[in-house]
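> mind folding the following:
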Amino acid sequence: MPRSLVLVTGSSGFLGQAMAARLARRHRVVGLDTVQPKKPVEGVDTVPVDLTSDDHVRDALSEIRRRFGAHLTSVIHLAAYYDLSGEADPKYRSVTVEGTRRLLQGLQRGFDRVEQFVFASTMLVHAPTQPGRPITEDWPLEPKWAYPQSKVETERLVLAERGPIPAVILRPAGVYDERCRSAFLAQQIARIYERQPTSYLFAGDPSHGQPSLHLDDLVDAVERVVNRRGDLPAEVTFLLGETETPSYRTLQRRIGELVHGEPWPVVALPKPLVEAGAWVQEEVLAHDPFIRPWMVEIADDHYELDIGRARTLLGWSPRRSLLATLPAMITALKADPTDWYQDNKLNPAVVAGAQEELQEVVARQPPSDHPAMQAVDTALAQEHAATLWAHLANIALGLWLLAGPFAYGLFDPVGPVPVPPAAGHELPPPELRNARLAWSEMASGIAVIGLSCLALARPRSWVPWVVALVGVWLLFAPLVFWTTSAAAYAVDTLIGTLVIVFAVMVPPQAGLSREALASPADVPLGWSYSPSSYVQRVPIVALAFTGLFVSRYLGAFQLGHIDGLWDPFFSGRGGGRNGTEAVVTSSISKGFPIADAGLGAVTYILDILTGIIGDQRRWRTMPWLVLLFGLLIVPLGAVSVGFIIIQPTIIGALCTLCLLQAAITVLLIPYSVDEVFATVQYLWRSRRVGRSVWRSLIFGGPVLAEKRDPVQGLAMPVSQILKDFFRGGATYPWTLVGCTLIGAYLLCTRLLLGVEPPLYFSDHTAGCVAIVIAVTAWAEVARTVRLLNVPLGLWVAASPFLLDGGTPIALIADLSAGLALAGLSLPRGARSREHYGGWDQSIL
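Now for the predicted structure:
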């Protein structure tokens with residue numbers, strides 16, 4: 001005998017799959033949904049349908065009739081639109097209301113008999129009550145927001161247009177299971193688990209609460225509705241839920257005890273205050289918070305249920321309770337936080353570094369005798385053998401260092417030469433300075449030769465890094481000795497760079513632990529990409545090259561190797577030095593023991609080299625190098641901007657090339673800071689699992705996630721590289737772009753509005769700082785720093801009233817610019833789809 005046919009709409013969802021699985025024990029179940037289920041239920045067929053289309057509904061029902069017959073035992077209608085925005089979305093009508101109308105009309109036209117139509121509504125269609133007064137199915141209807149409003153409208157439609165089909169209206173409480181899956185409860189648990197400050201706060205009366213309903217109890221009730229369809233009235237409504245209604249305070253205390261071993265207190269706040277906070281988060285800060293102003297209005301609405309009708313007509317009462325199930329929920333959370341967060345549609349990146357996740361990762365680490373460790377030794381030996389030529393190349397460079405001083409005449413008489421323009425202290429005679437550089441080069445050559453020979457025989461030692469340090473000295477030596485030889489300066493820069501490249505970039509990097517190299521995984525735990533990818537680093541290196549060329553040009557003038565500098569905007573007056581020459585020969589520059597532009601050039605070279613060294617795992621295999629890379633970029637940016645600040649205020653001149661150099665260094669910051677964050681996060685997590693931070697910092701450490709970035713290498717068009725670079729970890733909200741433009745305006749108030757000191761000095765300084773803050777905040781991991789522009793903007797707005805030098809127009813302009821800077825710095829801006837582990841929740 002063929003089994004009776006049950007149709008379940010929304011069958012691929014959480015509720016639909018559970019109901020289909022239960023009903024499939026005794027009935028032939030066919031599902032209707034827009035998508036196929038991720039894990040199909042055995043014995044359940046799914047027919048695709050779009051309830052907003054007459055044609056789709058007609059075709060889907062025709063297919064069901066053709067394949068399974070024209071007699072339906074029951075239709076369980078779960079499909080509906082739902083969101084938490086609180087807004088009256090058109091989909092509530094097109095999907096929930098009109099979709100139900102299409103379904104009912106199609107059933108009446110297309111099937112010979114439909115024994116029952118079950119519509120899933122919600123308990124929230126009712127007006128709230130007070131503690132001790134349970135509501136019944138006849139309690140007044142008073143839906144507070146768009147979702148229950150759509151359910152009330154659909155209930156009326158079902159009763160009006162059901163025709164001969166008997167109708168059952170189910171009004172269940174909030175459904176949950178052992179993994180929670182209840183949006184509001186999951187949020188409450190997550191806030192407590194993460195120890196968020198908001199976890200202590202509640203709008204309204206925490207002694208109120210709402211009942212819940214376990215998924216199994218709901219499914220049991222639906223099964224009873226189907227099985228007793230012949231005994232039920234033609235129109236009947238059931239309230240379904242637990243008769244016990246735990247208060248918000250009770251849940252809060254119990255969750256805290258289960259999660260952290262301590263009762264979690266709750267602080268009741270006035271609703272207007274919480275509404276204002278929610279509004280500020282959503283409208284001013286442009287966040288997408290879970291708590292919306294409309295939720296605050298109904299936060300303490302109280303519900304208790306009288307389920308007498310379900311007991312009488314269905315013989316049903318709940319067998320489970322929320323308080324009894326909470327321990328299982330929290331156990332599931334602690335066992336696998338990321339999976340629990342995914343199941344509850346929360347951001348799993350936030351808990352990727354949870355202690356439970358880290359302990360699980362540590363348990364998976366391979367032992368020292370694992371084949372993966374042995375494979376590392378084999379691979380390193382092969383790479384060492386294949387790159388011996390690099391050490392031989394350094395030996396050749398060492399020989400050149402021995403012969404070079406004679407080739408470009410460092411021991412030859414120099415004759416009278418002008419004192420270097422940037423020298424601020426007395427220098428030895430030129431011959432002595434050159435001779436000292438010559439002896440330095442020859443000693444460096446001997447050191448490079450000897451150490452490179454040693455590196456040939458000891459591939460895993462730190463000798464190559466010592467060779468690299470000799471290369472660094474070669475970069476500094478011409479500056480330290482203030483050489484008069486442009487050739488020596490150029491050659492030492494080139495050879496010093498090549499020595500570093502051949503020592504530690506071409507061969508396998510020495511000093512890395514085997515466990516750090518054992519896995520190819522390159523994405524930090526909880527991140528969505530590798531911040532050390534080549535796509536992320538190569539454009540940074542390209543920008544650094546531009547800065548190098550500018551600094552090298554300025555340094556050559558400071559050493560006296562060229563006679564003048566080019567400046568297209570700030571020319572000298574009366575045949576004097578132009579702005580660039582005046583700045584690089586100022587008392588500030590002369591206060592450095594070496595040419596400060598030359599120091600900048602060395603820094604850019606180190607930026608380039610530290611930006612290239614290492615593969616896409618270097619945030620964990622070479623943490624010290626990433627931190628050095630960050631220290632070179634961020635402080636260099638701060639120094640460059642500081643130098644721009646003091647140019648008009650102290651030096652009294654402006655330098656076009658210095659402005660260009662500062663712009664480059666500031667642009668480096670947002671594209672490099674995410675790698676530094678990932679490295680610091682990794683070191684912190686290593687400490688939490690009991691590893692030495694210093695060992696992890698110097699030697700690297702094991703992988704804490706097995707994920708690899710899909711973008712590997714640079715085998716792609718240049719346009720794609722730039723696209724991935726600009727969107728990797730950085731976004732450009734119009735508010736931050738506006739802050740950057742306001743900063744640029746403040747730099748030009750003297751030119752545009754005739755502002756004079758001291759107000760001009762204030763505008764200039766504020767403009768520099770505002771640009772640095774706004775550009776740094778392009779990086780999502782550093783987005784919170786934008787808030788520093790709020791007090792800065794308020795100062796700009798107030799400064800015309802406190803400082804002299806302004807004009808009436810400048811007063812209005814600064815007031816407007818300052819208020820705009822403060823206001824535009826408040827919104828966070830839209831987030832990208834990238835994730836940054838636990839740092840996600842700190843991106844305010």
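
> pull out the buried residues from the longest helix anywhere in the chain.
Longest helix in the chain, counting residues (DSSP state H): helix 656-688. Buried positions in helix 656-688, judged by neighbour count with 16 or more other C-beta atoms under 10 Å: 656-659, 661-683, 685-686. Where C-beta positions appear, they are placed from N, C-alpha and C, glycine not excepted.

> so what does that helix touch, helix or strand wise?
For helix 656-688, the contact count by 3 or more C-beta pairs under 8 Å, 6 or more residues apart in numbering; DSSP states H and E identifies helix 355-363, helix 534-558, helix 579-584, helix 596-612, helix 618-621, helix 623-646, helix 693-699, helix 759-776 as packing neighbours.

> what's the closest of these to Ser799?
If you check each of the helices and strands packed on helix 656-688 against Ser799 by C-beta to C-beta, helix 759-776 wins as the nearest, at 4.8 Å.

> roughly how far is the closest one from the heart of the chain?
27 Å (C-alpha atoms, centre = their mean, to the nearest Å).

> ok, stretch 51-70 next?
44 Å.

> what's next to it, contact-wise?
2, 5, 7, 9, 28, 30, 32, 45, 47-50, 79, 94-95, 98-100, 102-103, 106-107, 110-113 (C-beta atoms under 8 Å, 6 or more residues apart in numbering).

> then it to PDB, C-alphas only?
Output of stretch 51-70 as PDB, limited to C-alpha atoms (Å, rounded to 0.1, in the frame of the first residue of the first chain):
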ATOM      1  CA  LEU A  51       7.000  31.200  -4.100                       C
ATOM      2  CA  THR A  52       7.100  34.800  -5.600                       C
ATOM      3  CA  SER A  53       6.300  33.400  -9.100                       C
ATOM      4  CA  ASP A  54       2.900  32.100 -10.200                       C
ATOM      5  CA  ASP A  55       4.600  30.000 -12.900                       C
ATOM      6  CA  HIS A  56       7.200  28.500 -10.600                       C
ATOM      7  CA  VAL A  57       4.500  27.500  -8.100                       C
ATOM      8  CA  ARG A  58       2.200  26.000 -10.800                       C
ATOM      9  CA  ASP A  59       5.100  24.100 -12.400                       C
ATOM     10  CA  ALA A  60       6.400  22.700  -9.100                       C
ATOM     11  CA  LEU A  61       2.900  21.500  -8.000                       C
ATOM     12  CA  SER A  62       2.400  20.000 -11.400                       C
ATOM     13  CA  GLU A  63       5.600  18.100 -11.100                       C
ATOM     14  CA  ILE A  64       4.600  16.800  -7.600                       C
ATOM     15  CA  ARG A  65       1.200  15.700  -8.900                       C
ATOM     16  CA  ARG A  66       2.800  14.000 -11.900                       C
ATOM     17  CA  ARG A  67       5.400  12.100  -9.900                       C
ATOM     18  CA  PHE A  68       3.600  11.400  -6.700                       C
ATOM     19  CA  GLY A  69      -0.200  11.600  -7.200                       C
ATOM     20  CA  ALA A  70      -3.100  14.100  -6.700                       C
END
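
> pull out the buried residues from it.
51-52, 56-61, 64-65, 68.

> a markdown table please, covering those residues and showing secondary structure.
Shown next, in a markdown table, are the buried residues of stretch 51-70 (DSSP: H, G, I helix; E, B strand; the rest coil):
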| residue | secondary structure |
| --- | --- |
| Leu51 | coil |
| Thr52 | coil |
| His56 | helix |
| Val57 | helix |
| Arg58 | helix |
| Asp59 | helix |
| Ala60 | helix |
| Leu61 | helix |
| Ile64 | helix |
| Arg65 | helix |
| Phe68 | helix |
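
> coming back round to it: looking at the helices and strands packed on helix 656-688, spot the one closest to Pro420.
The nearest among the helices and strands packed on helix 656-688, by C-beta to C-beta, is helix 534-558 at 6.3 Å.

> what's the angle between that closest one and helix 596-612?
Going by axes from the mean of the first three to the mean of the last three C-alpha atoms, to 10 degrees, helix 534-558 is angled at 160 degrees with respect to helix 596-612.

> so how far is helix 534-558 from its chain's centroid?
For helix 534-558, the distance to the chain centre is 28 Å (C-alpha atoms, centre = their mean).

> redo the helices and strands packed on helix 656-688 as TSV? Include distance to Met505.
Converted to TSV, these look like this (distance: least, C-beta to C-beta, whole Å):
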stretch	distance to Met505
helix 355-363	30
helix 534-558	12
helix 579-584	31
helix 596-612	6
helix 618-621	12
helix 623-646	11
helix 693-699	19
helix 759-776	29
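
> who wins for proximity to Arg514 among those helices?
helix 693-699 (9.4 Å).

> can you list contacts of the closest one?
511-513, 516, 623-624, 627, 682-683, 686-687, 701.

> Ser321 against Glu242, yeah?
Yes. If you go by C-beta atoms under 8 Å, Ser321 and Glu242 touch, sitting 5.6 Å apart.

> that older thread, and the buried ones among the contacts of stretch 51-70, selectable in PyMOL?
The PyMOL selection below is limited to those of those classed as buried (16+ other C-beta under 10 Å):
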select buried, resi 5+7+9+28+30+32+45+47+49+50+79+95+98+99+100+102+103+106+107+110+111
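
> filter the contacts of stretch 51-70 down to the ones in strands?
Residues from the contacts of stretch 51-70 lying in strands, with DSSP state E as the criterion: 5, 7, 9, 28, 30, 32, 45, 47-48, 113.

> which two among those are spaced furthest apart?
Pro48 and Arg113 (24.7 Å).

> where does pLDDT dip in the stretch 401-550 of the chain?
Applying pLDDT under 70 to the stretch 401-550 of the chain picks out residues 459-460.

> which stretches in it count as helices?
430-457, 463-480, 486-500, 514-517, 534-558 (DSSP state H, counting those that start in this stretch).

> okay if I get the ones you listed as TSV plus mean neighbour count and distance to Ala601?
Output for those, formatted as TSV (neighbours: other C-beta atoms under 10 Å; distance: least, C-beta to C-beta, whole Å):
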stretch	mean neighbour count	distance to Ala601
helix 430-457	20	17
helix 463-480	22	8
helix 486-500	21	8
helix 514-517	22	33
helix 534-558	21	4
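
> how about those, which one is nearest Val41?
Of all these, helix 534-558 comes closest under C-beta to C-beta, at 42.5 Å.

> so that closest one versus helix 656-688, what angle?
Using the same axes, to 10 degrees: helix 534-558 against helix 656-688 is 140 degrees.

> helices or strands next to helix 534-558 in the packing?
Packing contacts for helix 534-558, counted by 3+ C-beta pairs under 8 Å, 6+ apart, involve helix 486-500, helix 579-584, helix 596-612, helix 656-688, helix 718-727.

> weakest of those by average pLDDT?
Per-stretch mean pLDDT for the helices and strands packed on helix 534-558 is lowest at helix 718-727 (a mean of 73).

> in that helix, which residues are buried?
Under the neighbour-count criterion of 16+ other C-beta under 10 Å, helix 718-727 has 721, 724-725 buried.

> how close does the residue lying closest to Ala510 once chain neighbours are set aside get to Trp473?
Among residues not flanking Ala510 along the chain, Pro464 sits closest, at 4.9 Å (C-beta to C-beta, 6 or more residues apart in numbering). Using C-beta to C-beta, to the nearest Å, Pro464 is found at 15 Å from Trp473.

> how about Gly560?
Counting by C-beta to C-beta - Gly560 and Trp473 are separated by 22 Å.

> again with Ala518
Separation of Ala518 from Trp473 (C-beta to C-beta): 35 Å.

> got the domain boundaries for this structure?
380-511, 520-729, 732-828 (automatic domain parsing).

> redo these as TSV? Include distance to Gly209.
Formatted as TSV, these follow (distance: least, C-beta to C-beta, whole Å):
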stretch	distance to Gly209
domain 380-511	59
domain 520-729	33
domain 732-828	33
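
> of all those domains, which lies closest to Gln355?
Nearest to Gln355, of these and by C-beta to C-beta, is domain 520-729 at 6.6 Å.

> if we can go back for a sec, would you mind listing the two of the buried residues of stretch 51-70 that lie farthest apart?
Thr52 and Phe68 (23.9 Å).
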